[in-house]
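Trainee: kindly generate the corresponding structure for this input.
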Amino acid sequence: MISPSCVFTVAFAAASALCIPVVGQEIQEIPVGNQKLTGTIDDWTHHHVVFSDPGTSDDAIRRGEYEQWFRIVNDPRYVMQQMKRRLPARGPVADDVARFGEAKESASSAVAHGLMGPFERARIRALNPPIDKDWSMVLGSGTTTAGSGMFPAKFSFNATSTSPINCASATTPDYVVYNTSATGSTTQASVVAYDNLYSSCTGQVPSVYWAFNTAGRAVTSVVLSLDGTQAAYIQTPASGNAQLVVLKWAAKPTGRSVTSGSTNITNGSKTFTATAGLTSMDVGAGISGTGIPTGDTIATVTSATAGTLTAAATANGTAAESLAITADAGGPDTLSSNSGYPTCTAPCMISLSFSGTARSDSISSPFYDYTNDALYVGDASGGLHKFHPVFSGTPAEVGTPWASPSTTALTSPVYDAASENVFVGDASGFLYSVSTSGAVTKSVQLGVSPGFHDGPLVDSTNGEVFAFTSSDLNASATTSPCAPTSTSVACSGVVELPTSFTGSSKYSECVIGQTNTDVTYAGAFDNQYWTSDTGAGKGTGNLYVSAGNANEEPKLAEVPMVSGAFGTTGNANCKTGYTLLGNMTAEDCSVNVANPMVTAAAAASPVTEFLNGTTDRIYTSVSASGNQTGCTGACIYSWTTTSTLAAGAAAAAGSTETGGTSGIIVDNSSATAGASEVYFSTLSSGTCTTSGTFTSGGCAVQASQSAP
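Mentor: Alright, predicted model coming up:
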């Protein structure tokens, strides 16, 4: 057990654990199974597979579950979760993770880097105002966005003895990558990544790290290799089936050139001109030319012909010369053969079309299995595709496709290391378990059209899978628990099944609202769930979900969890006399925290949770008409969930975000200026303040955790 004074500086989901070692000491790689952990990742997958405490090996042997235990403690996602949540790890990595924390809590390191232990950090936060230094970078013209329910991905390399955070000056800077949902072109990136992320970094904050046109539209979430040097995502080409893109990126590859204007760059000035061709997308990109300092970036673009540099010119420039702008929408080298990918020099990529006929995908994000170098993704025709190898060999698809569990659109799949099964839902309201051999188990029906849109949430340790539906089967009940009168109407709800379910297994449900046409995205457990100890290894706390009512108005629902099962705290909200359906073992109702979060019809984002020091928070957004603290339009909101929220609890903070937000990832738990942030994209076109007012579009956003 790690002592209370030994804590981890956290990086959430796409984020990374920031290692702050003793001065002069380097944090080493952490071996995890057959992999080496050099940093931490937060992407959509880390929000859909989670781990309660697996206990000791002796506990597992007594339960007859040693094999499952061994797979969990050697899962890189489990180790990264423990690091991010400041918890000790079980199994072979326990000592490495403990030393990792001990090094970061060195007093000399804390003083040298301006970081403190948990109590000192809490004292400083109490004295200082919340961090509110934000940036907002345009992803391209028009409605460019990561997309509703989709997430950016963030990689943070393990910090060194001289760098508590990794800015652009580091050999391996932290970065965050967004898909843009726009068709790639010579002036529009399919994916774009930013580095120099934090306000304490010098130079342009942020800077474009790399951006590529890969000849398609990437409308679902990006995933990263375990070492952060490669990325994978699904794109829709101009014609044909959806494609898996596997990309080796390179920092700031040459993008394009513009011709300098008749007004020369002047020594000591930051102003530059061009004959044409500048866009807001160029803010943060590298620029080079006569008189421009090496490594300089574009700070602002005021028109198609004028902008400013981050650092002033060191010599006079030349009129009508070629100015190279890097990382705008440069295309990586596309390989003609899969076999060339392992040895190609970055930047390079391979695109693999889905097998089968008319295989498209607009909602299923790829899930990458770090341990087995395998990737899973669904399609709109009910096919489940498996690719292996992906990053560590010659990329290839397995099967044609690997499995066909359904004939309707599949959600994002989730691989569970403990059971070694892939879980996925469909638009008809069924949940599927697919074994490593491709054998499919279909659940009893759990909902009706539109069924499941978001991937399930798996608690790997407890062997439980949760699915989220906007329309359950209660329309066939004599009386529905969500009915406004003594009638039968469908409800929205969370259903729970064991990961070992069969075709006849019964399920439990917690009703969270009335049926509606909005998507019900996966929820998030609070810190109480992770830190509770019931003696049976089952979590007790809360699951928070953005639900909806019959008027399409989003609300925040609190699903009580008691020893891993739904609790009854919210059952006063159930309609008296409701009946239990035949395939149910139990049916309960949620607590309405904010009912609704809006004053008119709108849509909501998935809920994200993060523990920063001793403060637990959740985040969600609404697309319009918000009615909570800090914002009354399209808003992002946060609630403090250190303790269970009472019915009617108001949001702690909120701010305007055009059209609402994509999925939200969280950065670090750190006292370093500007390092405790959330990341997302807006869903509608607007002015992205860091990029200026010249071009409007969807924005990649960084905002403060405590006051988003």
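
Trainee: Ser339 and Gly393 touch, don't they?
Mentor: No - using C-beta atoms under 8 Å, Ser339 is not in contact with Gly393, being 9.8 Å away. In this view, the C-beta of every residue, glycine as well, is placed from N, C-alpha and C.

Trainee: and the residue nearest to Cys348 when sequence neighbours are not counted, what does it touch?
Mentor: Nearest residue to Cys348 in three dimensions, chain neighbours excluded: Asp333, at 4.5 Å (C-beta to C-beta, 6 or more residues apart in numbering). When contacts are counted by C-beta atoms under 8 Å, 6 or more residues apart in numbering, Asp333 touches Cys344, Pro347, Cys348, Met349.

Trainee: helix or strand for the last one, which one?
Mentor: I take that to be Met349. Using DSSP states H and E, Met349 sits in strand 348-353.

Trainee: mind listing what's buried in that strand?
Mentor: Within strand 348-353, the residues that qualify as buried are Cys348, Met349, Ile350, Ser351, Leu352, counting by 16 or more other C-beta atoms under 10 Å.

Trainee: how close does Asp454 get to Ile512?
Mentor: For Asp454, the distance to Ile512 equals 14 Å [C-beta to C-beta, to the nearest Å].

Trainee: list the residues that contact both of the two?
Mentor: Both Asp454 and Ile512 are contacted by Thr520, under the criterion C-beta under 8 Å, 6+ apart.

Trainee: okay, domains of this protein per the record?
Mentor: Per automatic domain parsing, the structural domains of the chain span 30-127, 135-251+334-704, 254-326.

Trainee: where does pLDDT dip in the stretch 51-200 of the chain?
Mentor: 100-133, 158-164 (pLDDT under 70).

Trainee: show me where it has helices.
Mentor: Assigned by DSSP state H, counting those that start in this stretch, the helices in the stretch 51-200 of the chain fall at 57-63, 66-73, 76-84, 94-104, 107-113, 118-127.

Trainee: contacts for the host helix or strand of Leu323 next, please.
Mentor: For Leu323, the enclosing helix or strand under DSSP H and E is strand 322-326. Strand 322-326 is contacted by residues 208, 252-260, 272, 274, 282, 285-289, 292, 298 when judged by C-beta under 8 Å, 6+ apart.

Trainee: coming back round to it: among the buried residues of strand 348-353, give me the pair with the biggest separation.
Mentor: Farthest pair in those (C-beta to C-beta) is Cys348 and Leu352. Separation: 14.1 Å.

Trainee: re earlier: point out the most buried one among the domains of the chain.
Mentor: Neighbour counts (mean count of other C-beta atoms under 10 Å) averaged over each of these peak at domain 135-251+334-704, with a mean of 22.

Trainee: straight-line length of that one, end to end?
Mentor: Domain 135-251+334-704 has its terminal residues 10 Å apart, counting by C-alpha to C-alpha, to the nearest Å.

Trainee: hang on, isn't Val283 packed against Thr695?
Mentor: No - between Val283 and Thr695 there is no contact under C-beta under 8 Å: 9.2 Å.

Trainee: pLDDT value on the closest residue to His388 other than its chain neighbours, please?
Mentor: Of all residues not flanking His388 in the chain, Ala374 sits nearest, at 4.3 Å (C-beta to C-beta, 6+ apart). pLDDT for Ala374: 98.

Trainee: wait, what's in contact with Ala374?
Mentor: Counting by C-beta under 8 Å, 6+ apart, Ala374 has contacts Tyr368, Lys386, Phe387, His388, Pro389, Val390, Tyr415.

Trainee: CSV for those residues, including secondary structure?
Mentor: Conversion of the contacts of Ala374 to CSV gives the following (DSSP: H, G, I helix; E, B strand; the rest coil):
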residue, secondary structure
Tyr368, strand
Lys386, strand
Phe387, strand
His388, coil
Pro389, coil
Val390, coil
Tyr415, strand
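
Trainee: and the furthest pair within those residues?
Mentor: Based on C-beta to C-beta, the longest span within these runs between Pro389 and Tyr415 and measures 15.5 Å.

Trainee: the bottom helix or strand of the chain by mean pLDDT?
Mentor: When the helices and strands of the chain are scored by mean pLDDT, DSSP states H and E, helix 107-113 comes last with a mean of 31.

Trainee: what's the closest of the contacts of Asp333 to Glu321?
Mentor: Glu321 lies nearest to Pro347 out of the contacts of Asp333, by C-beta to C-beta, at 25.7 Å.

Trainee: list the contacts of the closest residue in space to the closest one that isn't next to it in sequence.
Mentor: Nearest-residue entry for Pro347: Pro332, 3.6 Å, with adjacent residues in sequence omitted and distances by C-beta to C-beta, 6+ apart. Pro332 makes contact with Phe212, Thr214, Leu247, Lys248, Trp249, Ala250, Pro253, Ala346, Pro347, Cys348, Met349, according to C-beta under 8 Å, 6+ apart.

Trainee: beta partners of the fourth one?
Mentor: By that I understand Lys248. When bridges are called by DSSP bridges, Lys248 pairs up with Gln230, Cys348.

Trainee: is it true that it touches Pro342?
Mentor: No - between Lys248 and Pro342 there is no contact under C-beta under 8 Å: 9.6 Å.

Trainee: ok, and Thr695, which helix or strand is that part of?
Mentor: Using DSSP H and E, Thr695 sits within strand 692-697.

Trainee: model confidence over that strand, on average?
Mentor: For strand 692-697, mean pLDDT rounds to 83.

Trainee: what is that strand packed up against?
Mentor: Applying 3 or more C-beta pairs under 8 Å, 6 or more residues apart in numbering; DSSP states H and E, one finds that strand 692-697 contacts strand 135-138, strand 298-303, strand 686-688.

Trainee: quick one: low-confidence residue ranges for this structure.
Mentor: The model of the chain has pLDDT under 70 over residues 1-28, 100-133, 158-164, 485-487, 533-537, 669-673.

Trainee: thank you kindly, that will do.
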